[in-house]
Every structure is written in structure tokens, then in C-alpha cells.
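Asker: what follows is a predicted structure for the sequence shown.
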Amino acid sequence: MKARLSTDLGDPRLIKLLKTEAQETDSTIREVLILALESYFAHKLETRALLKASEAMFEDWNNPLDAEYDQI
């Protein structure tokens with residue numbers, strides 16, 4: 001399935017950075033964008049998974065008996 005994306009980045013500096021990265025890595029702007037998006041979403045998914053795992057850990061710590069200590 002092909003998907004086409006068209007957007008105005010709003011900052012000519014970003015286009016220059018994309019072109020420079022593509023030239024330095026001997027790749028296309030498309031490849032640079034794909035790699036950047038994959039990296040961004042992989043990081044986001046990893047962060048979300050870590051947050052979910054940490055929430056489970058804190059549920060184990062959530063003990064109603066601890067409220068007694070809060071009153072002291």
C-alpha cells in the first residue's frame with residue numbers, strides 16, 4: 001500500500017537540514033524522513049511501554065494500610 005504525504009514544514013531550515021542529511025548519508029530525502037519518523041515513533045512506543053510497566057509496579061505499592069502512616 002502506497003501512502004503519499006504532502007505538508008508545508010513552515011521552516012526552510014528544516015528543508016535545508018533534510019537535504020544536508022540526505023547528501024551526507026548518500027540517501028534520499030524520503031529515506032531520511034522515513035528513518036526519522038520510524039525513530040520518533042519507536043521512541044514514543046518504548047516510552048509508552050515503560051510508563052505502563054511502571055504504573056503496574058506502583059499498583060503493587062498502593063496499599064490501603066499505608067494511609068495510616070500518612071496520618072502520623
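Answerer: Now that the structure is in, tell me what you want to look at.
Asker: can we go C-alpha only for contacts and neighbour counts from here?
Answerer: Fine.
Asker: shaky segments in this protein?
Answerer: By pLDDT under 70, the weakly predicted segments of the chain are 60, 62, 70, 72.
Asker: let me see the ranges of the strands in it.
Answerer: Using DSSP state E, the chain contains no strands.
Asker: spatially central, which residue of it would that be?
Answerer: The residue lying closest to the centre of the chain (CA atoms, centre = their mean) is K44, at 2.7 Å.
Asker: roughly how far does it sit from E38?
Answerer: As judged by CA to CA, to the nearest Å, K44 and E38 stand 10 Å apart.
Asker: try M57
Answerer: Per CA to CA, M57 is found 29 Å from E38.
Asker: over to A22?
Answerer: 16 Å.
Asker: more neighbours: which of these two?
Answerer: A22 (17 against 12; other CA atoms under 10 Å).
Asker: check contacts around the more buried one.
Answerer: Contacts of A22 were listed using CA atoms under 8 Å, 6 or more residues apart in numbering, and they are 28-29, 31-32.
Asker: now swap in N63 and tell me
Answerer: N63 neighbours (CA under 8 Å, 6+ apart): none.
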